[in-house]
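Chemist: here is the input, now give the coordinates:
(one chain, ligands or ions: 2)
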Amino acid sequence: MKITVLLGGTSSERNVSLASGIRIVEALRSRGHEVTALDPAKGVLSATEETKLSASAVGTAPPSLEALSRVSEDAFLPTLTTMPEILDADVVFLALHGGQGEDGTIQALLDMAGATYTGSGHLSSALAMDKDLSKKLFRSAGVQTADWVMSPASVEEIEGMLGLPVIVKPSKQGSTVGLSVVKERKQIEPAIAEALKYDDEVMIERFIAGRELTVGVLGEAALPVGEIIPKHEIYDYECKYTAGMAVEEFPAKIPPEAAAFVQQQALAAFESLKLRGYARIDFRMTSNGEFYCLEANTLPGMTELSLIPQGAAAMGISFAELCERIVQLALK
Ligand SMILES: Nc1ncnc2c1ncn2[C@@H]1O[C@H](COP(=O)(O)OP(=O)(O)O)[C@@H](O)[C@H]1O
Ligand SMILES: [Mg+2]
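Modeler: Ligands and ions are numbered 1, 2, ... in the order given. Now for the predicted structure:
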C-alpha cells in the first residue's frame, strides 16, 4: 500500500510526534508498504533527515513557544490537501500530536480531500482535545471523572468547590504542558496565568491522589491495563519522554475485577466521544479502588516505548503489527 505518515507539525508536541512518526514509518516499511514521511511544517523528509531523526531522542522539555512560532512560519497546512503525497496515498497515517494535528483540523482537511486516514474523525478529535466537553460526555456515559471548574473562577469559588490541592491545566493541550499541581491558594492565580499561555480555556480540577492507569483501545477491544509509576509527583513531560523517568507496568498489578472494570470504562469513554480506530484512555485510581477518567488521547504516542505499543505487546501484538492493524481499521 501507499502510505503517507504525517509527523512533526507546529504544536508543543512536535518533537514527540517526530519520534512517533519515524518509528511508524520504519514499521510500515518493514511490512512492505511504500511509505513517505511528510512534516506539515517542513515538507517531505529526505532519507538523510529520516536517518538523523531515527537516531535522536524527544528531549526533556518541549520546544519553546518562540521556537514553535518560527516553525509555524514555514508551515503549509492549508495546501496539504493538494499535495500528491496526500491525494495519491491509500492511507494517511496520522502521527501528529497536539494542536491542529490532533484537534480535528487536519482530519477535516483530509475529509475534504477525500483521503482515508487513521484514527478518529474531525468531530471526535475536537471533542477529545477539549477536556471540558470530554468530561461532560464521560459523565453522561457513566464514566467517573474528577469535579472541575473552568476559568474565569475566583480563588474562593475554586477552593470552595474543589478544595486543595487542585490541578490547573489548559483545556486543550497535551503532554502535561502548562499544567500545575496547586497546593496553596496563593498559587492558584499564577498557575492559571501559566496555563493561559497555552490555551484561552483553563480547567481547574480536583486532585485525585492515587495511582495512574492507562487503557489502550484498538478497534472494539480494550488492550491490557497499564500502570505508570512516574519519578515525579505527576506524569509530566520529562517523565513521559525521558528513558528511566517512569516505570510502566503491563499488565498493571491490580485485581482482575478492577482491570475488567476500568477496561469497560475505557470502552464507554471511547464510545461517548464516538472515537474510531484506536485511542488511549487515562485514569487515576484511588486507594479505595475508585477510578477517575482523566482524558482520551486520539493520537497517543507511538514510539516503541509508548503506552499503547506496550499494551499491545502485553497481548502479543508487535509494534509493526499494531501499525498494520491501525491502517486496516482506517480502511474499514
Ligand atoms: N485531577 C488530577 N489529579 C491528579 N493528577 C492529575 C490530574 N489531572 C492530571 N494529573 C496528572 O497530570 C498528567 C497530565 O494530565 P492530563 O489531564 O492527562 O493532560 P495531558 O493532556 O497534558 O496529558 C496526568 O497524567 C496526571 O499524572
Ligand atoms: Mg494525559
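
Chemist: can you find the helix or strand in the chain with the smallest mean pLDDT?
Modeler: helix 65-73 (a mean of 74; mean pLDDT, DSSP states H and E).

Chemist: quick one: buried residues of it?
Modeler: Leu68, Val71 (16 or more other CB atoms under 10 Å). Quick note: C-beta positions are derived from backbone N, CA and C, even for glycine.

Chemist: for the remainder of this discussion, apply numbering that starts at 11.
Modeler: Sounds good: first residue 11 from here, last item helix 75-83.

Chemist: around ligand 1, pick out the residues from this protein.
Modeler: Within the chain, the positions lying close to ligand 1 (CB under 6 Å from any ligand atom) are 156, 177, 179, 183-186, 189, 215-218, 222, 244-245, 292, 294, 304-305.

Chemist: just the buried residues from these, in PyMOL please.
Modeler: Buried residues within the residues of the chain next to ligand 1, by 16+ other CB under 10 Å, are selected in PyMOL with:
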select buried, resi 156+177+179+183+184+185+186+189+215+216+217+218+222+245+292+294+304+305
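
Chemist: can you flag which of the residues of the chain next to ligand 1 belong to helices?
Modeler: The members of the residues of the chain next to ligand 1 all map outside helices under DSSP state H.

Chemist: in strands, which of the residues of the chain next to ligand 1 fall?
Modeler: Under the assignment DSSP state E, the residues of the chain next to ligand 1 contribute Ile177, Lys179, Glu215, Arg216, Glu222, Asp292, Arg294, Leu304, Glu305 to strands.

Chemist: dump these into TSV; add pLDDT as well.
Modeler: Shown next, in TSV, are those (pLDDT from 0 to 100):
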residue	pLDDT
Ile177	97
Lys179	97
Glu215	98
Arg216	98
Glu222	97
Asp292	98
Arg294	98
Leu304	98
Glu305	97
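
Chemist: which residue lies farthest from the center of the protein?
Modeler: Distance from the centre of the chain peaks at Glu166, with 32.3 Å (CA atoms, centre = their mean).

Chemist: model confidence for it, exactly?
Modeler: On the pLDDT scale, Glu166 is placed at 96.

Chemist: which residues touch the host helix or strand of it?
Modeler: Per DSSP states H and E, Glu166 falls inside helix 165-172. Contacts of helix 165-172 from elsewhere in the structure, counted by CB atoms under 8 Å, 6 or more residues apart in numbering, are Asp157, Trp158, Val159, Val176, Arg195, Ile198, Glu199, Ile214, Glu215, Arg216.

Chemist: max pairwise distance over the residues you listed: which two?
Modeler: By the measure CB to CB, Asp157 and Glu199 form the most distant pair in those, at 19.9 Å.
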